[in-house]
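Q: With the input below, show me the fold.
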Amino acid sequence: MARVLLDVTMSLDGFMAGPRVSAAHPMGEGGLRLHEWIFNTATSEVDAEIAREMQATTGAVVLGRRTFDVGIGVWNDTPFPAPCFVLTHDPLAERVEKGGTFTFVTDVHDAHARATAAAGERDVRLMGAEVAQQFLAAGLVDEIRVQLAPVLLGAGRRLFDNLGDAHIELDRLGTVESPYVTHLRFRVRRGGAGRP
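A: This next block holds a predicted model:
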């Protein structure tokens, strides 16, 4: 059965994108610094192995409309070679790319059901702060993987804002260091989302 993974790179002060995200700056101004670990895989076998594993195990992606709008010009395809489900209040017609299809859905539970069915035995990856927050608040995340970058961005898009009064307990699964990030893995405890 598919696992739902929140797998994101974050600054030490909690930002997953810099300020003023736009098509010109899909990661926000200064936000590309967060993904230096992906660009330097030639010098870090740890990071290269994690990047390969992400590609190999992704069976579906759920992303937000904003992530789609600013990312499509960069990817020129789907972000992973897998079916992608765009969670939005303003759906578009299905969009077929060489790596997969973008299907637009309006409900978090529908996005979860479609993505897990499409992924089969592989993983569902979440992309975008709002999607991550909605899935966390609904108790639909199995694992959180954070690549913690050694930088303070000072402003931008925070990963764990807007969770309301959700109280989510985690079990640490592992920590791996590289020259560029610290990879942290946590399992979300079942029944751990909701009121304390």
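
Q: So which elements touch the helix or strand harbouring residue 16?
A: Assigned by DSSP states H and E, residue 16 belongs to strand 15-17. Under the contact criterion of 3 or more Cβ pairs under 8 Å, 6 or more residues apart in numbering; DSSP states H and E, strand 15-17 touches strand 4-11, strand 157-158. No exception for glycine: its C-beta is placed from N, CA and C like everyone else's.

Q: partners of it, with directions?
A: Strand 15-17 has the following strand partners under DSSP bridges: strand 157-158 (antiparallel).

Q: So for the strand it pairs with, mean pLDDT?
A: Averaged over strand 157-158, pLDDT sits at 89.

Q: if you compare the helices and strands packed on strand 15-17, which one is most tucked away?
A: Among the helices and strands packed on strand 15-17, strand 4-11 has the highest mean neighbour count (mean count of other Cβ atoms under 10 Å), at a mean of 21.

Q: can you list contacts of that strand?
A: If you take Cβ atoms under 8 Å, 6 or more residues apart in numbering as the criterion, strand 4-11 is touched by 16, 34-35, 37, 54, 112, 115-116, 123-127, 132, 135-136, 140-149, 151-153, 156, 159, 181.

Q: so how far is the strand holding residue 16 from its chain's centroid?
A: From the chain centre to the centre of strand 15-17 is a distance of 11 Å (Cα atoms, centre = their mean, to the nearest Å).

Q: Fine by me, thanks again.
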